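give the three-dimensional model of this entry:
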Amino acid sequence: MWGWIALAVFIVFIIILYMLSPLISPLPVKLHDAHVLITGGSSGIGKALAIQAVQQGSRVTLVARSKKKLEEARAEVLLMLPSKTKSSKYKLFL
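Just a heads-up that it's a prediction; the model follows:
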């Protein structure tokens, strides 16, 4: 019997969390004119974050271990620049 009560309480708790999640979730970060430093920016999540940051209008600094991969990622990120933006704002560091 206590098992069923515990299960019902747990289900109610999950439903309440689900209903409150829009109220407690973090607000989206506005990156326009921000400077974003991304480590591991040559591939995967780091490169995807760099592309998102560039598309939102931020200045991006990519850091990676491999210079070749970093330069390839930089070229790909620069392709995603809005047409009105100058590429001189974007830097490449190892």
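
other SSEs contacting the longest helix along the chain?
For the chain, the longest helix by residue count, based on DSSP state H, is helix 2-24. The helices and strands touching helix 2-24, judged by 3 or more C-beta pairs under 8 Å, 6 or more residues apart in numbering; DSSP states H and E, number zero. C-beta here means a position set from N, CA and C on the backbone, and glycine is covered the same way.

distance check, residue 37 against residue 11.
To residue 11, residue 37 is 43 Å away according to C-beta to C-beta, to the nearest Å.

what's the answer for residue 71, then?
If you go by C-beta to C-beta, the gap between residue 71 and residue 11 works out to 53 Å.

residue 46 too?
In terms of C-beta to C-beta, residue 46 sits 39 Å off from residue 11.

about what we covered before: residue 37 and residue 11: which is more packed in?
Between residue 37 and residue 11, counted using other C-beta atoms under 10 Å, the more crowded position is residue 37 (13 against 10).
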